[in-house]
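Student: The sequence and its predicted three-dimensional model are supplied below.
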2 protein chains.
Amino acid sequence: MPKSGRATITDVAARAGVSKTAVSKVLNGTGSISTATRDRVLQAARDLHWQPSAHAVALRRARSQTVALVLNRHEAPPAVSATTAELITGIETTLSSRGYGLLLHLVDQPPGAESEIYRRLVDAGRVDGAILTDSVIGDTRPALLRELGLPAVLVGTPDGDDPIPHVRTDPRPAIDQAVDHLLGLGHRRLGFIGGPATRVQAVRRREAFEASVRDHGLELGPMVSTSYSGTASEQVTREVLTAPDRPTALLYGNDTMAIAGIKAARDLGLRTPGDVSVIGAEGQSVGQWIDPPLTTVQRNVVLRGRVAAQLLLQELGIEVDEVRWATDEELLVRASTAPPPTS
Amino acid sequence: MPKSGRATITDVAARAGVSKTAVSKVLNGTGSISTATRDRVLQAARDLHWQPSAHAVALRRARSQTVALVLNRHEAPPAVSATTAELITGIETTLSSRGYGLLLHLVDQPPGAESEIYRRLVDAGRVDGAILTDSVIGDTRPALLRELGLPAVLVGTPDGDDPIPHVRTDPRPAIDQAVDHLLGLGHRRLGFIGGPATRVQAVRRREAFEASVRDHGLELGPMVSTSYSGTASEQVTREVLTAPDRPTALLYGNDTMAIAGIKAARDLGLRTPGDVSVIGAEGQSVGQWIDPPLTTVQRNVVLRGRVAAQLLLQELGIEVDEVRWATDEELLVRASTAPPPTS
DNA sequence: TACACCTGGTGTACCGGTACACTAGGCGAG
DNA sequence: CTCGCCTAGTGTACCGGTACACCAGGTGTA
């Protein structure tokens, strides 16, 4: 008779008339068990709604089947942004298909001070691995996690030549597409308003832009690094557009910045794309509804999350489908870019 | 000598020269322990970087200190939307301040088919409670979770008079603010383009709008329920604006819908707010950068998440600060609303 | 003086699984 | 016929904590 409360392996064993060990073997497919017994056990398990206790298994195996995603909300108040949300989607989908859980953690301290968080997570044995994002210059997390013995994967570009497994996109091809596109339209003076100089991704992108412009035989226009927010972008854009010799086209670090930039231009009496062309990044869906529809460097963040999770599972010794990863960026031309004004 | 691998309670006990029981008592503040012993134990624990094994504790106590958030990505491909992201921020912040973890789960099946997910989570003892969102008409989840004995809290409005604890905002006050605002500008014919009729929140909002319009002594304009997406909104808006006797102002179910609506109007040659006034909902930050800046019914989703988590902790028997909750909606007037055209 | 009671501990079973050692019986080879 | 080996299991220690029973010694009280 199934009593109240959750069923245990002992209940299942009793109902099937076998030992606990037999049940365990059936469940894990280890050892040898006759088909008849197997079926009886499986039936008993179904009858009793039995699921092995995640904690008992974790305790015995010293494996929690859980992965941590620690997000830093120190610099960006909306810790979980729309992009992060997509990332989570990709990660979780892959993880759960392999029976892994995703433990989400938000941190308020500045990066680096998070070390205590990771240490706790590891010491308490809550997670088997971690996924990192938003790598910064001089990031200490990869080294910390190696020291703690916690497998980890970085979504983005590692700082320096840190050997942490990662999912990175070379920013150059998409930047080239954008620059080609603008040159094709007749632009000769391009500006760049990217993310903060503390972030590896932002720095690499900026470098790629510089290189691309030079390789095209152009002079560099204004280049600014600022926070990934609309507010910062609006202000910086105003400065860039009021300075002498203003650029006729602007590349931004993300779509929010680009949209805020368009507003800054508008406030100055400059039309987009008539007076200034604008290119965003990330490809959030809202870009297609605004006026003008935003030309942007689209990025497949869900895929990025999926690949990161696969990489981590691989790191944990789980069999996964072959991981293929080339790039996920592509220029999506809409209407915020046009030939420059004929001065 | 601290050996390799994680320290256990036995290591700490040995180092402090006491029994495991003593260490446990110190840690949990149960039983009586002299100050001297207490200090020795605490010191030993620090020395060894000891954190009690989450799984051992969970196994013994039959409590996992973890809460599930199951998101349904069946109807809305970007399972984790920007709004959901804010919700998560609120939930996680509160949870982790009490030592609780947040386990995130995405589901692809239609609502209802998720029951298997919850059952598994419960049977495996992975979580102590759950937070639900996006309640639908005829939602079976609250009943299911009651049957499973899993404490749960709903973010949103329960269907019918389901007794599930919840965080709900009466849509009426904010709708009244919006309607007052529009009437004050001189509008007399208002349209409503809201979320799908399957969603409780969307239905209540629509009812509130109807009631508000009637109570103001106006005739009802066109009212449409559609999916919470820009694509759907764009199409529906076009239909509403091309039908005879078109409204001069439109209320939307969220900001994305509103922004897509503005585009639809623009494509028809109608200016916002000159020809049609538009009001969004949710108050995503992008609304402030677009042209025109979006008037919207702002909502404090982070706070909503915080309160939901508090409620759940309370349900779990944890002491929490007094939970105060009144409403979190307010009309934020920007520039997408203006007097109607003088025909 | 005897007894109850409090303080500050110790010893051990147990939570629900898994790993490993071990065994009974059947069968093929020498 | 005997041995070895394979199949299909059983028995039990153990993972790292917590709960509960118990105990020594000091103090208060009748």
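Tutor: Received, thanks. In this text the structure is predicted, and so the values were computed from the model without any measurement. Numbers count the residues shown, from 1 in each chain, chains lettered A, B, ... in the order given.

Student: neighbours of the nearest residue to A:Thr272 once chain neighbours are set aside, just the number please.
Tutor: Leaving aside its sequence neighbours, A:Thr272 sits nearest to A:Ile262 (C-beta to C-beta, 6 or more residues apart in numbering or on different chains; 4.7 Å). In this view, the C-beta of every residue, glycine as well, is placed from N, C-alpha and C. A count of nearby residues for A:Ile262, using other C-beta atoms under 10 Å in any protein chain shown, gives 30.

Student: Next SSE downstream of the one helix or strand A:Ile262 maps to?
Tutor: Using DSSP states H and E, A:Ile262 sits within helix A:255-267. Using DSSP H and E, the helix or strand that follows helix A:255-267 in sequence is strand A:277-282.

Student: got the angle for that next one vs helix A:255-267?
Tutor: On the basis of axes from the mean of the first three to the mean of the last three C-alpha atoms, to 10 degrees, strand A:277-282 is oriented at 160 degrees to helix A:255-267.

Student: For chain A, just list every one of the helices.
Tutor: Counting by DSSP state H, chain A has helices at residues A:9-16, A:20-28, A:35-47, A:54-61, A:82-97, A:115-123, A:141-148, A:172-185, A:200-215, A:230-242, A:255-267, A:301-315.

Student: who touches A:Ile279 in this structure?
Tutor: A:178, A:181-182, A:249-252, A:258, A:294-297, A:331, A:336-337 (C-beta atoms under 8 Å, 6 or more residues apart in numbering or on different chains).

Student: likewise A:Asp215?
Tutor: Counted by C-beta under 8 Å, 6+ apart, A:Asp215 has zero contacts.

Student: Could you report the pLDDT at it?
Tutor: The confidence metric pLDDT takes the value 97 at A:Asp215.

Student: what about it, distance to B:Leu106?
Tutor: 42 Å (C-beta to C-beta, to the nearest Å).

Student: likewise A:Met223?
Tutor: Look at A:Met223 and B:Leu106: by C-beta to C-beta, they are 39 Å apart.

Student: so A:Leu121 makes contact with A:Ala68?
Tutor: Yes. Using C-beta atoms under 8 Å, A:Leu121 makes contact with A:Ala68 at a distance of 5.6 Å.

Student: what touches both of those two?
Tutor: A:103, A:105, A:127, A:130.

Student: Need those in CSV (columns: pLDDT and distance to A:Leu144).
Tutor: Below are these laid out as CSV (pLDDT from 0 to 100; distance: C-beta to C-beta, whole Å):
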residue, pLDDT, distance to A:Leu144
A:Leu103, 97, 18
A:His105, 91, 15
A:Val127, 97, 14
A:Ala130, 97, 10
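
Student: Now for the residue nearest the centre of chain A: which residues touch it?
Tutor: Of all residues in chain A, the one closest to the mean position by C-alpha atoms, centre = their mean is A:Leu87, 4.3 Å from it. If a contact means C-beta under 8 Å, 6+ apart, then A:Leu87 has A:133, A:155, A:301-302, A:304-305, A:308 as its contacts.

Student: In JSON lines: these, plus neighbour count and pLDDT.
Tutor: Listed next are the contacts of A:Leu87 as JSON lines, based on neighbours: other C-beta atoms under 10 Å in any protein chain shown; pLDDT from 0 to 100:
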{"residue": "A:Thr133", "neighbour count": "21", "pLDDT": "92"}
{"residue": "A:Val155", "neighbour count": "25", "pLDDT": "96"}
{"residue": "A:Val301", "neighbour count": "22", "pLDDT": "93"}
{"residue": "A:Val302", "neighbour count": "21", "pLDDT": "92"}
{"residue": "A:Arg304", "neighbour count": "23", "pLDDT": "95"}
{"residue": "A:Gly305", "neighbour count": "27", "pLDDT": "96"}
{"residue": "A:Ala308", "neighbour count": "28", "pLDDT": "97"}
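
Student: Select, from the residues you listed, the two members most distant in space.
Tutor: A:Thr133 and A:Val302 (13.8 Å; C-beta to C-beta).

Student: Point out the residues in chain A that sit beside DNA strand D.
Tutor: Residues of chain A lying close to DNA strand D by C-beta under 7 Å from any atom of the strand are A:18-22, A:25, A:31-34, A:36-37, A:56, A:59-60, A:62.

Student: Out of these, which are close to DNA strand C?
Tutor: A:20-21, A:56, A:59-60.

Student: can you redo the residues you listed as CSV with pLDDT and neighbour count?
Tutor: Listed next are those as CSV, based on pLDDT from 0 to 100; neighbours: other C-beta atoms under 10 Å in any protein chain shown:
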residue, pLDDT, neighbour count
A:Lys20, 97, 13
A:Thr21, 97, 12
A:Ala56, 98, 17
A:Leu59, 97, 20
A:Arg60, 97, 10
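
Student: In the stretch 201-343 of chain A, what residue lies closest to DNA strand D?
Tutor: Closest residue of the stretch 201-343 of chain A to DNA strand D, C-beta to the nearest atom of the strand: A:Leu316 (18.7 Å).

Student: can you name the two of the ones next to DNA strand C among the residues of chain A next to DNA strand D that are farthest apart?
Tutor: A:Thr21 and A:Leu59 (17.5 Å).

Student: how near is A:Val323 to A:Gly101?
Tutor: 21 Å.

Student: So the two - more neighbours on which side?
Tutor: Counted by other C-beta under 10 Å, A:Val323 and A:Gly101 do not tie: A:Gly101 has more neighbours, with 25 against 14.

Student: so the residue nearest to A:Thr272 sits right up against B:Val286, yeah?
Tutor: No. Contact between A:Ile262 and B:Val286 fails when scored by C-beta under 8 Å: they sit 11.4 Å apart.
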